[in-house]
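Novice: Sequence and predicted model, in that order:
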Amino acid sequence: MAGLLNIGLSGVNAAMGQLITTSHNIANADTPGFHRQRVIQSTLPPYFSGVGFFGTGTQMAAVTRAYDQFLEGQVLSADTRKSEYATYAAQIRQIDNMLADPTVGLSAAMDAFFAEMREIAAGPTNLAARQSLLSTAQALVGRFHTLDEHLTGIREGVEYDIRATVDQINTLANSIAELNLRIVVAQSASSGKPANDLLDQRWQLVNELNKLVQVTAKEQDDGTLSVFIGSGQSLVMGNQATVLGTVQDKNDPQRYGVAIIPRNGSPIVIPERLINGGKLGGLLEFRRESLDTAQNRIGMIAVSLAAAFNNQQKLGVDLGGVPGLDFFKVPDPRIVPGGGAVVSFDFDIDPFADDIQNLGFLTDSDYELKFDGANYVITNLSTRVSKTLTAPVDSFEGLRIDLTGSSLTAGQTALIQPTRYAARDIAMALNDPRQIAAGCPVIGNVPTTNSGTGSISGVVMGNVGDGTIPSGWGAVLVFNSPNTLSLDPVLTTPGFTLTPTTFNPVTQSSGAQYTLTGPGGLAFTFTLSGIPSDGDTFTLQATEAGVADNRNANLLVALQTAKLLFNGASGAPTATIDGAYSQLVNKVGNKTHEMQVNELTQTALYAQACEARDSLSAVNLDEEAANLVRYQHAYQASGQVMSVAQRLFDEIISIMR
């Protein structure tokens, strides 16, 4: 009877265990990270009698959870990418909305500026139009400032989020390490039986951590879970968590990097390209790929517009006949630490110089200047193109690097940011409307006494000189047949030279170009055309003050559509200033769309991975409800076995009485 009673009791206990586990499943159906549990039953050892083996009931071998490492890994992979793309998309959407907003974007402000310049070209002596240009220019400068303020605000938000995310990672890593210890203790006390609920809690923390940064998790033989980030940097090992922190970039204090903070010693910075996935990976990638590029590009446009306009402005003369002054203040490149090295923009305004540098050499990249103890090497941080500087003063991609006073030590580097803060620092240099250089410094005249049809046109200034040119200067050209063109030595101010010195009316009547250089660096080209007669003269002289001359104003207007930026393979610029801005708008728009599509794709992949995992691990309430009934019947049946055993026992006792 005792055997029958024990069998019934074992069945009751097993059914009770099943009921408890099923009830636990139902209660945690909506608990994040919970995996469905089930009781593993096995038969108790039988006993042998003369006729064979008789069973002795059942036992509960273990309580396990429905867990598949491969399916969980797929969920982790899809989830961390989804979080990365969602973070990137949310950040870049701010830039996209800003650039597309006509009240904040740059295109409308530049169009208004050049529209006012066209008004001056139409009426070069109109002071009202000149004042209006200065007002519109100030508004354009203000627009650059506004764009930079918005981008700086986004940058500050990104830096804050990076620091906050690292703090969250540390909190989760510590919690995982603590659970490792609790799980080891619990499973040791239970002879290695899995601590299912603790395991679920730990894995849920891994899931939350994975949303912040891509992790790799590996369960160890002792039951602990080791967690790695990046290219294998240990974050959790046993019951110890690595402390992460954020450190300011030594060359860019506004920029924070992620570092391992050892118990003793200096922080070890993790290269940000090794940190992938999750919110942190999205923030770092956005900052590196889009935010830096956008702010640098806006700054490059500011520098390019200011430099191009200044260069042409200084090749003209104002209402007083004085060579033009700078219209804008061009911001200086930033170098940290300077160490005595000086970096400036290398834009030569003399188109006749042998070392001409044009705006097309300028990029929107940052640079690294490194001294190895013997040589200085400058590297474009975007393209990784490098150059070993060969002299104390050398040029690279539109930059002039003066190392004369450099105190950089061997192995030390400096960060060069030519355009990062240019939109913030651009300013007006001109405030007098009369100083707008709308006129050309040189005017050509053809005496009415000439008998031929020769004419002078197309004066293009290369340099207005250094101010040492005598006032009232003049140069008189004389044509002598058959093909000679020369300067009249008596009527020409001393110091002028002409190249070339021939003109063939038969083959060059459609026009031939000449260069006239004078004292103090004055240099310009002009075109002689037509058929001059022997002895005909042509006069080139300084433009009189107050003359309604719009030739330089037209050249200033032409800057809006001139290709000035991004040199092609031939060395010639390929894009206008407005085109460079449009490229940025398109690039940001395309990247925004790309991130949104990637986010949608990863969301779908994440849903599929979750569905595959949940088909194994999730609680099915209908199934659990059916199990409740089944285990209830099993409990009742086992109880009935015990009741039968009790009655039989009572019968035997009564017989013995």
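Specialist: Sure thing, it's come through.

Novice: continuing past whichever helix in the chain runs longest, what's the next helix or strand?
Specialist: Determined from DSSP state H, the single longest helix within the chain is helix 127-189. Past helix 127-189, further along toward the C-terminus, the next helix or strand under DSSP states H and E is helix 196-212.

Novice: I'd like the distance from the longest helix of the chain to the chain centre, please.
Specialist: The chain centre lies 12 Å from the centre of helix 127-189; the measure is CA atoms, centre = their mean, to the nearest Å.

Novice: mean confidence for it?
Specialist: Taken as a whole, helix 127-189 has an average pLDDT of 96.

Novice: ok, the closest residue to Gly3 other than its chain neighbours to Glu599 distance?
Specialist: Nearest non-adjacent residue to Gly3, counting by CB to CB, 6 or more residues apart in numbering: Thr56, 6.5 Å away. Using the backbone N, CA and C atoms, a C-beta is placed for each residue, glycine as well. Distance of Thr56 to Glu599, computed by CB to CB, to the nearest Å: 59 Å.

Novice: Those two: who's more crowded?
Specialist: Set Thr56 next to Glu599 and count neighbours by other CB atoms under 10 Å: Glu599 wins out with 21 against 15.

Novice: you'd agree that one is up against Ser83?
Specialist: No: using CB atoms under 8 Å, Glu599 makes no contact with Ser83, being 9.3 Å away.

Novice: Could you export stretch 625-638 as PDB, CA atoms only?
Specialist: In PDB, the C-alpha atoms belonging to stretch 625-638 read as follows (Å, rounded to 0.1, in the frame of the first residue of the first chain):
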ATOM      1  CA  ALA A 625      -4.900  27.500 -20.200                       C
ATOM      2  CA  ALA A 626      -5.200  24.000 -21.700                       C
ATOM      3  CA  ASN A 627      -2.200  22.900 -19.600                       C
ATOM      4  CA  LEU A 628      -3.900  24.200 -16.500                       C
ATOM      5  CA  VAL A 629      -6.800  21.900 -17.200                       C
ATOM      6  CA  ARG A 630      -4.600  19.000 -18.100                       C
ATOM      7  CA  TYR A 631      -2.400  19.300 -15.000                       C
ATOM      8  CA  GLN A 632      -5.500  19.900 -12.800                       C
ATOM      9  CA  HIS A 633      -6.800  16.500 -14.000                       C
ATOM     10  CA  ALA A 634      -3.400  14.900 -13.400                       C
ATOM     11  CA  TYR A 635      -3.400  16.300  -9.900                       C
ATOM     12  CA  GLN A 636      -6.900  15.000  -9.300                       C
ATOM     13  CA  ALA A 637      -6.100  11.600 -10.700                       C
ATOM     14  CA  SER A 638      -3.000  11.300  -8.600                       C
END
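
Novice: How about it, which residues are buried there?
Specialist: Buried positions in stretch 625-638, judged by neighbour count with 16 or more other CB atoms under 10 Å: 627-628, 631, 634-635, 638.

Novice: got the angle for whatever helix or strand His24 lives in vs helix 196-212?
Specialist: Element membership for His24, per DSSP H and E: helix 2-27. With axes from the mean of the first three to the mean of the last three CA atoms, to 10 degrees defining the directions, helix 2-27 sits at 20 degrees from helix 196-212.

Novice: average pLDDT for helix 2-27?
Specialist: Helix 2-27 comes out with an average pLDDT of 88.

Novice: what packs against it?
Specialist: Other elements packing on helix 2-27 under the criterion 3 or more CB pairs under 8 Å, 6 or more residues apart in numbering; DSSP states H and E are strand 37-43, strand 58-65, helix 621-656.
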